[in-house]
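Colleague: got a predicted model here, sequence first, then my questions.
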Amino acid sequence: MAQHMNLTLKVWRQKNDKTKGKFVTIQAKDIADDMSFLEMLDVVNEDLTRKGEDPIYFDHDCREGICGMCSLVINGRPHGPKYGITTCQLHMRSFHDGQTIVIEPWRAAAFPVLKDLAVDRTSFDRIQQAGGYVNVNTGGVPDANTIPIPKRIADEAFESATCIGCGACVAACKNASAMLFVSAKISQFALLPQGQTERYERAQAMIDQMDAEGFGSCTNTGACEAECPKGIKLSNIARMNREYFGAKFFREEDVHTHS
């Protein structure tokens, strides 16, 4: 049988990126420990709506840890106190009756606050648009099984492709660096034959766009890997740097001529 608890929430409230925000104390009462964290916020919002108050604005979609939409810093940690899960997979049994929970949005200049706990992460979309695609020859489609790819390489590419683009790596980094995200997107193509056509142009274009969006530099603290709900490895950043330096030294491309 589910246990119930009363909690004190300190929630970041902000109208938009042009106004100053502040923490507001809200009481969450009779919360079942088998609720997800987002279900708890749903209950709180229902109570606020009944009182005629503005509900808490936060991002969510699939609620299955797949889409990357949920984006909360909970008690100072992106996605909360558990490892390897997103906010929507966090359950209230991870907290206790009477606890105070501080909830705030991702903090990064490249992620401006839309309202309350929701941030604009379209900068990630623009980075992927800069180089996150492959060109293929038209005509007869070869059988995928005829392209020899060692299992180790295929596994590495798959692991990189599991990045859901939630932005926890940026929120966890003291420099608000997006290098773990960008390196995962570069790696998933750089490792496979299908990604070789744009290999060098991709690395330059995506890194240039990352810098243009205002993300910080990587100082190898490892906080991004520690907080990533999908376990994306720092080794991807090393691979991205090799791709980038290889492009600069061996196949310099002027990516702007293709835009």
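Modeller: Done, it's in.

Colleague: and the one helix or strand Gly246 maps to, what does it pack onto?
Modeller: Element membership of Gly246, judged by DSSP states H and E, is helix 235-250. Here helix 235-250 touches helix 179-190, helix 199-213, going by 3 or more Cβ pairs under 8 Å, 6 or more residues apart in numbering; DSSP states H and E. Where C-beta positions appear, they are placed from N, C-alpha and C, glycine not excepted.

Colleague: most packed of those?
Modeller: helix 179-190 (a mean of 26; mean count of other Cβ atoms under 10 Å).

Colleague: dump the residue contacts of Gly76.
Modeller: Val102 (Cβ atoms under 8 Å, 6 or more residues apart in numbering).

Colleague: now do the same for it: its pLDDT.
Modeller: What the model reports as pLDDT for Gly76 is 96.

Colleague: burial count for the residue lying closest to Asn135 once chain neighbours are set aside?
Modeller: Setting aside the residues directly before and after it, Asn135 is nearest to Thr197 in space (Cβ to Cβ, 6 or more residues apart in numbering), at 4.8 Å. By other Cβ atoms under 10 Å, the residues close to Thr197 number 15.

Colleague: hang on, Thr197 packs against Gly131?
Modeller: No: here Thr197 does not reach Gly131: they are 11.4 Å apart, not a contact under Cβ atoms under 8 Å.

Colleague: buried ones in the helix holding Gly246, by neighbour count?
Modeller: 236-237, 239-241, 243-244, 247 (16 or more other Cβ atoms under 10 Å).

Colleague: tell me the mean pLDDT for that helix?
Modeller: Mean predicted lDDT for helix 235-250 stands at 89.

Colleague: again with stretch 120-133
Modeller: Computed over stretch 120-133, the average pLDDT equals 93.

Colleague: same question for stretch 88-99.
Modeller: Stretch 88-99 comes out at a mean pLDDT of 97.

Colleague: okay, now the closest residue to Glu225 other than its chain neighbours: neighbour count?
Modeller: Spatial nearest neighbour of Glu225, excluding adjacent residues (Cβ to Cβ, 6+ apart): Leu234 at 5.0 Å. Counted with other Cβ under 10 Å, the neighbours of Leu234 add up to 18.

Colleague: my guess is Leu234 contacts Cys224. True?
Modeller: Yes: checked against Cβ under 8 Å, the pair Leu234 and Cys224 is within contact range at 7.5 Å.

Colleague: list residues touching both of those two?
Modeller: By Cβ under 8 Å, 6+ apart, the residues touching both Leu234 and Cys224 are Leu180.

Colleague: tell me how the protein divides into domains.
Modeller: 4-115, 121-258 (automatic domain parsing).

Colleague: rank the ones you listed by pLDDT, which is bottom?
Modeller: Across the domains of the chain, the lowest-scoring stretch is domain 121-258, with a mean of 88.

Colleague: my read: Lys15 touches Lys115, true?
Modeller: Yes: contact criterion Cβ under 8 Å: Lys15 and Lys115 qualify, at 6.3 Å.
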